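# got a structure for you, letters missing:
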C-alpha cells in the first residue's frame, strides 16, 4: 500500500495524540485499580500516598492559607491535582514509545508496553511508595517486598490499559485512515468496548475517592486508635534476615549451657508442657521513629525464664545470658534481669502457637527492653561470667536497650481536615515496665499542657490507650503535641533523637486543619 506524505503525516499526528491520551487514561485506570486493591496484600493505593506526600510537603503557612480559602474543598482539589499530574506523567511515558504508532503485531506491542511500564513507571511508583512508607516507620523486608509487588502490579496494569485504549483512540480519531491499526474490525470493537469500560470504572473509583476525601473518610496513614490487643496478622515484624528461619518443631530444642549446675536440653513438648503463664506485654522496635508504627501489644503465653534457670542451677559467677537464635542472631541480657518474674520463654501469641514470623517455636519476652532483646527463634542460652556483646552491640547499638518513654497521636491523622466543634483525639503511650502515669496534650507549642480525658490499660506491661476531646472554635491550621509521664514520675523528654543507637526520643506532633 502506498501512503502519500500528507496521509503519513496525518497518521503520525493522530497516532501521537492517541498515544499521549492513552497514557493519560491508562494512568487513571492504574490508579483506580490500586484503589480497588485497598485492604489486600501489597495494596498501597498510589494516588492516596502521593496526595498524602504532597500534603505533608506543604509549608504550614500554605497549608493554613489553603484551608482558610478553600475550606472543605482543599483536600479533594489536592487529590484532583495529584491525579491530573500523574495522568500527564503517564501520557509522557507513553510517548517514550513512539514506535507503538507503527503497525506491529499484538505480541510486539505488548512486549514494548510491558518493557516501558516496568522500566519507567515501576521505579517512579516504587519511589513514591518507598518514600511514604519510610516517612514514619523503619522499613522491614516484608514491607519492601510489598512495595515492590504493588509497584509491579501498577506498572503491568498501566501497560495493559495502554494496549487496550490506544487502538480505540486511534479508531476514534482517524477512522478514515487505512493505517488505523492491524486489528480486524471485531477485535477493534472488542478493544474499544473494553477500553470504554475501563475508563468508566476508573472514573467511578477516582470519583469515589474524591467524595471520600470530601467527607473526611480518608485523611492519613493510620486508621485511628489501635485495638488494645494487636491481631497477630497486624503485629509489627522486623528482622535482620532476607529470609527468616522456620525451625522444625519436632527437631527443635533449647539448650541451657554454661555456668549452670545442670545443663539442660528442652524439646518443644517439654517447654510447652511447662507453660503456665499468660502475660499481656507490649513490644516495640528500637528502630521505631517518633510517631512510628513499630509497636504492638500482644498476650503472650509461656514459661517464666527464672523457672527454667532455677532448674538448671545457676552458678554464683554467672553475669550474663548469651542468647543464640536459629538465624545466627546473638544477644544478651544481665542475669539479674533474666531472673525477673515477668521474663518469659513464650510459645504462644494471642492464644495461637507462634508462627515463624514471630519466632516459632519459642522466643524471649523481656518487658521494658526494645525488641532486639526479645530474641526470636531462640535455640541456646549460655550463662557466662562476663559481658557478652551481641549482634547489634558489635555494630555500635545500645547494650542496655531500655525503652524510652514515648507517646503517639493516632486520631486524627497528620494533616487531617476536620470541621469546627468537638474534635476527638486519641492514641497510645508506653514506658516499658515503668508504666505510664499521665498523658498530656499541648495546643500552643508546649507552653501549656492539659491532661487527656481518658486513659485505658489492660495490663501493667501493656501500652495505654488515651482519648480526649478538643473544642476547636475557629478555622485554621493547628499543631497538637503529646507527651507522657512514666510510673516513676519522669516526664517524656522533648529532645529529639534518632532511633540509633538507643531508641528515638522527642514529642510526636500533628497538624490539624479546621474548616
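Received, thanks. All of these numbers come straight from a predicted model, not from anything done at the bench.
# Could you give the number of residues near residue 512?
Number of residues near residue 512 (other C-beta atoms under 10 Å) recorded here: 24. All C-beta atoms are positioned from the backbone trio N, CA, C, and that covers glycine.
# Name the SS class of residue 502, please.
Using DSSP: H, G, I helix; E, B strand; the rest coil, the secondary structure recorded for residue 502 is coil.
# excluding its backbone neighbours, what's nearest it?
residue 398 (4.2 Å; C-beta to C-beta, 6 or more residues apart in numbering).
# same thing with residue 383?
Counting by C-beta to C-beta, 6+ apart, the residue nearest residue 383 is residue 258, at 3.8 Å.
# For that neighbour, grab the count of nearby residues.
20.
# Contact partners for it?
318, 322, 381-384 (C-beta atoms under 8 Å, 6 or more residues apart in numbering).
# All the strands of the stretch 401-515 of the chain, residue numbers only.
406-411, 416-418, 421-430, 436-442, 450-451, 454-456, 464-472, 476-486, 508-514 (DSSP state E, counting those that start in this stretch).
# can you pick the most crowded of the contacts of residue 258?
residue 381 (26 neighbours).
# element containing that residue, please.
strand 378-384 (DSSP states H and E).
# Packing partners of that strand?
Under the contact criterion of 3 or more C-beta pairs under 8 Å, 6 or more residues apart in numbering; DSSP states H and E, strand 378-384 touches strand 253-258, strand 320-325.
# hmm, back to that, gap between the residue nearest to residue 502 and residue 508?
21 Å (C-beta to C-beta, to the nearest Å).
# Quick check: which ranges of the stretch 151-300 of the chain have low pLDDT?
By pLDDT under 70, the weakly predicted segments of the stretch 151-300 of the chain are 170-223, 242-243.
# now the helices for it?
185-215, 268-274 (DSSP state H, counting those that start in this stretch).
# just the stretch 301-450 of the chain next, same as before
305-312, 335-338.
# tell me the contacts of residue 425?
409, 411-412, 441, 452, 467-470, 480.
# The residues you listed: which two are farthest apart?
Pairwise distances across those (C-beta to C-beta) peak at 14.6 Å, for the pair 412 and 452.
# picking that back up, ranking the contacts of residue 425 by neighbours, who comes first?
Going by other C-beta under 10 Å, residue 409 tops the contacts of residue 425 with 25 neighbours.
# count of residues packed around the nearest residue in space to that residue that is not next to it in sequence?
In this structure, residue 409 finds its nearest non-sequential neighbour in residue 427, 4.5 Å apart by C-beta to C-beta, 6+ apart. Close neighbours of residue 427, defined as other C-beta under 10 Å, add up to 27.
# Correct me if wrong: residue 427 contacts residue 412.
No - using C-beta atoms under 8 Å, residue 427 makes no contact with residue 412, being 10.2 Å away.
# How many residues are close by the closest residue to residue 272 other than its chain neighbours?
If the residues on either side of it in the chain are set aside, residue 272 comes closest to residue 347, at 5.6 Å by C-beta to C-beta, 6+ apart. Counted by other C-beta under 10 Å, the residues lying close to residue 347 total 22.
# mind giving me the domain split of the chain?
5-215, 232-395, 406-514 (automatic domain parsing).
# Of those, which shows the lowest average pLDDT?
Comparing mean pLDDT across the domains of the chain, the weakest is domain 5-215, with a mean of 62.
# Packed most tightly, which of the strands of the stretch 401-515 of the chain would that be?
Of these, the one with the most neighbours on average (mean count of other C-beta atoms under 10 Å) is strand 406-411, at a mean of 25.
# Give me the sheet partners of it and which way each runs.
If you go by DSSP bridges, strand 406-411 pairs up with strand 421-430 (antiparallel).
# who's in contact with residue 485?
405, 436-440, 491-492 are the contacts of residue 485 under C-beta under 8 Å, 6+ apart.
# ok, it to residue 494 distance?
With C-beta to C-beta as the criterion, residue 485 and residue 494 are 13 Å apart.
# Nearest residue to residue 245 in space, please, no chain neighbours.
residue 326 (4.2 Å).
# Checking my notes, residue 33 in a strand, right?
No - Residue 33 is assigned helix when assessed by three-state DSSP, not a strand.
# Pull the number of nearby residues for it.
22.
# For it, which non-adjacent residue is closest in space?
residue 157 (4.9 Å).
# In contact with the residue nearest to residue 245, which residues?
245, 247, 377-379.
# okay, the residues you listed in JSON lines with distance to residue 422 and neighbour count next?
Shown next, in JSON lines, are the contacts of residue 326 (distance: C-beta to C-beta, whole Å; neighbours: other C-beta atoms under 10 Å):
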{"residue": "245", "distance to residue 422": "50", "neighbour count": "17"}
{"residue": "247", "distance to residue 422": "52", "neighbour count": "20"}
{"residue": "377", "distance to residue 422": "48", "neighbour count": "25"}
{"residue": "378", "distance to residue 422": "49", "neighbour count": "24"}
{"residue": "379", "distance to residue 422": "54", "neighbour count": "18"}
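# Just flag the most distant two among those residues.
245 and 378 (11.2 Å).
# quick one: common contacting residues for those two?
In contact with both residue 245 and residue 378: 325-326, using C-beta under 8 Å, 6+ apart.
# still on that earlier bit, report pLDDT for the residue nearest to residue 502.
pLDDT, read off for residue 398, is 94.
# and whichever strand or helix holds residue 88, what other elements does it pack with?
Counting by DSSP H and E, the element that carries residue 88 is helix 74-95. Helix 74-95 sits against helix 5-36, helix 46-57, helix 60-70, helix 141-173, helix 185-215, with contacts defined as 3+ C-beta pairs under 8 Å, 6+ apart.
# tell me which residues of it are tucked away?
74-76, 78-80, 82-83, 86-87, 89-91, 93-94 (16 or more other C-beta atoms under 10 Å).
# Same check on stretch 311-321?
Going by 16+ other C-beta under 10 Å, stretch 311-321 has these buried residues: 312, 314, 318, 320-321.
# Among those residues, which pair sits farthest apart?
312 and 320 (15.0 Å).
# Look up the closest residue to residue 304, ignoring the ones flanking it.
Closest to residue 304 by C-beta to C-beta, 6+ apart is residue 277, at 5.8 Å.
# bridging residues for the one you found?
residue 302.
# Report the contact partners of it.
Taking C-beta under 8 Å, 6+ apart, one finds 301-304, 344 in contact with residue 277.
# now it: how far from residue 338?
In terms of C-beta to C-beta, residue 277 sits 15 Å off from residue 338.
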